[in-house]
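# sequence and predicted model, in that order:
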Amino acid sequence: MFKLVRGTWYVKSDQGQLELVRPQDIRGTALLTVEGELDDISGSGQTVAAHDLCTGIVRQEQHHLEVPGAGHYGIFSGRRWRDVVYPHVKGFILEHQNAAVPKAAVKASAVAKPKAARPAAKKAAAKASPTAPVAVKKVPARTATKSVAAKPAAKKAVRANK
């Protein structure tokens, strides 16, 4: 337990040799972490900790999304996934994928027009209720990692009182 954070996690390479997992060596990519406000399985702040471990990724390429009202499973299923998380993840991938693609290839792909949405889908989208504002954050400058053990207990206490 905690092997990644302590720098003692080893995995087997393709050649069968043990190699130390070193998140600080990750470079040339972007990082997006997603967290549900009401997650009862992963404590608040656990995904944000990845940003402190991945020191090789420039701060401008590190993003965190906290989804209001979402629990552990609601992040990747149901309405919040469809309305909040999926569009953000898709946009994040496209933004960073396009940054890695040569400009000539981007111009060529821009010629293709997207298919028009079906009329039924347009009507359903128009009737959909607006979602709660989403907290999309640029990750602040690195600070000492703080303990998040107290937050999940506080959330459970609040839920128990409801």
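Looks like it came in fine.
# how much space separates His64 from Arg6?
Separation of His64 from Arg6 (CB to CB, to the nearest Å): 23 Å. For the C-beta atoms, the positions are set from N, CA and C on the backbone; glycine is no exception.
# the two: who's more crowded?
The residue with more neighbours, out of His64 and Arg6, is His64; 20 against 8, by other CB atoms under 10 Å.
# so that one sits in a helix?
No: read with DSSP: H, G, I helix; E, B strand; the rest coil, His64 is strand and lies in no helix.
# helix or strand: which one has Glu19?
strand 18-20 (DSSP states H and E).
# where's Asn98 relative to Gly91, distance?
Following CB to CB, the distance that separates Asn98 from Gly91 is 11 Å.
# the strands in the protein, which residues?
Taking DSSP state E as the criterion, the chain contains strands spanning 10-12, 18-20, 31-36, 62-67, 135-138.
# any chance of the ones you listed in CSV, plus distance to Phe76 and mean pLDDT?
Compiled in CSV, the strands of the chain are given as follows (distance: least, CB to CB, whole Å; pLDDT from 0 to 100):
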stretch, distance to Phe76, mean pLDDT
strand 10-12, 25, 95
strand 18-20, 29, 95
strand 31-36, 8, 95
strand 62-67, 10, 94
strand 135-138, 17, 54
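# ok, the nearest residue to Thr29 once chain neighbours are set aside - contacts?
Take Thr29 and drop its neighbours on the chain: the residue closest to it by CB to CB, 6 or more residues apart in numbering is Ile57, 6.4 Å away. The neighbours of Ile57, taking CB atoms under 8 Å, 6 or more residues apart in numbering as the test, are 26-27, 29-31.
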